[in-house]
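# Pasting a predicted model and its sequence here:
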Amino acid sequence: MEKKSAIRLSLGIWVAFFALTGLLLGGCATMAPEKPKIMIPTDRGTVLFLDKYEFKAPVGWSLMRNLEGGDFELGFMKMEPGAFPSQTTFMYDEEPYGSSPNLEGRANQYCTRFLFNSGIMPEVTKREKTRVMGLHALALYFEGENSVQKEKSKSKVYLVKKGNRIISFVCTQWRPLDGQFDMQAFEIFDNFVQSFKFLKKTFYEDLDEEIQKLKG
């Protein structure tokens, strides 16, 4: 779930963001060994993220990486013109809320907690079966308003069945009540999702294999 603070980013995310900015901007002011780059461009118009994932990174968006562990693996954010809270975030999360290994069951669990601490009770406006990375998936569309804080949100979530687990991709756009949503941001999100590739097994896939070995 996305958690809402002054600009709906946890302190840990901001720390991570500024840390990444420092890595990019800090030259030779220290004698410490050069750390590997977070994202490495390829000749395919994509980037490699920590040698774990490959995807099309959105141009002009800020990278978010939660170094504390928790709500997501990686994501991007864009502050947009207009009154607060005009912004869009999207992210990949390998542990979306819920425990059901079934897509429909997981979606039902997920919807009970989505944006639960934002002051908004988003409604599902559309729910459809689709495929992501060739895998079975559900696309969930949400909209909601907070009349007290005079803001609204529009979200698109992919729940994807990957092996024995379910992963997710989440995009949420925030606007003042009288603001207009920018559908182009959701197109950028879809390009990110459809370009996403795993370069190695996830921790959970390795864990599942170890469990199967122990079972004999």
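Nice, I can see it.

# Based on its surroundings, how many neighbours for Asp190?
Residues contacting Asp190 under the criterion other C-beta atoms under 10 Å number 17. The way it works is simple: take the backbone N, C-alpha and C, and place the C-beta from them, glycine included.

# Surely it is in a helix?
Yes. Assessed with DSSP: H, G, I helix; E, B strand; the rest coil, Asp190 lies in a helix.

# Tell me the predicted confidence for Leu207.
pLDDT, Leu207: 71.

# Which secondary structure element of the protein has the lowest mean pLDDT?
For the chain, using mean pLDDT, DSSP states H and E, the weakest element among its helices and strands is helix 11-25, scoring a mean of 40.

# Which strands border the helix or strand that it is followed by, and is each parallel or antiparallel?
The helix or strand immediately downstream of helix 11-25 is strand 39-41, counting by DSSP states H and E. Strand 39-41 sits in its sheet next to strand 47-49 (antiparallel), going by DSSP bridges.

# I'd like the average pLDDT over the partner strand.
On average, strand 47-49 scores 95.

# ok, and what's touching it?
With contact meaning C-beta atoms under 8 Å, 6 or more residues apart in numbering, strand 47-49 is reached by Ile38, Met39, Ile40, Pro41, Thr42, Glu54, Phe55, Lys56, Ala57, Leu74, Leu199.

# can you pull the buried residues of the helix or strand containing Phe169?
According to DSSP H and E, Phe169 maps onto strand 165-176. Across strand 165-176, burial judged by 16 or more other C-beta atoms under 10 Å covers Arg165, Ile166, Ile167, Ser168, Phe169, Val170, Cys171, Thr172, Gln173, Trp174, Arg175.

# picking up where we left off before, quick one: which of the contacts of strand 47-49 is nearest to Glu95?
When these are ranked by distance to Glu95 (C-beta to C-beta), Leu74 comes first, at 13.1 Å.

# ok, and the closest non-adjacent residue to the spatially most central residue of the chain?
Central residue of the chain (C-alpha atoms, centre = their mean): Met91, 1.1 Å from the mean position. Excluding the flanking residues, the one nearest Met91 by C-beta to C-beta, 6 or more residues apart in numbering is Gly75, at 2.8 Å.

# where exactly do the helices run in the chain?
11-25, 103-111, 183-195, 203-215 (DSSP state H).

# now the shortest one, how far from the centre of its chain.
Right, helix 103-111. 17 Å (C-alpha atoms, centre = their mean, to the nearest Å).

# And the last one, by the same measure?
Taking C-alpha atoms, centre = their mean, one finds helix 203-215 lying 26 Å from the centre of the chain it belongs to.

# quick check: angle from that helix to strand 165-176?
Angle between the axes of helix 203-215 and strand 165-176 is 160 degrees (criterion: axes from the mean of the first three to the mean of the last three C-alpha atoms, to 10 degrees).

# next one: the second one
Angle of helix 103-111 versus strand 165-176, following the same axes, to 10 degrees, is 40 degrees.

# Residues contacting helix 103-111, please?
With C-beta under 8 Å, 6+ apart, helix 103-111 has contacts from 96-100, 124, 127, 136-138, 140, 157, 159, 161, 166, 168.

# Show the buried residues in the residues you listed.
The neighbour count (16+ other C-beta under 10 Å) marks Pro96, Tyr97, Gly98, Ala137, Leu138, Leu140, Val157, Leu159, Lys161, Ile166, Ser168 as buried among the contacts of helix 103-111.

# No further questions, thank you.
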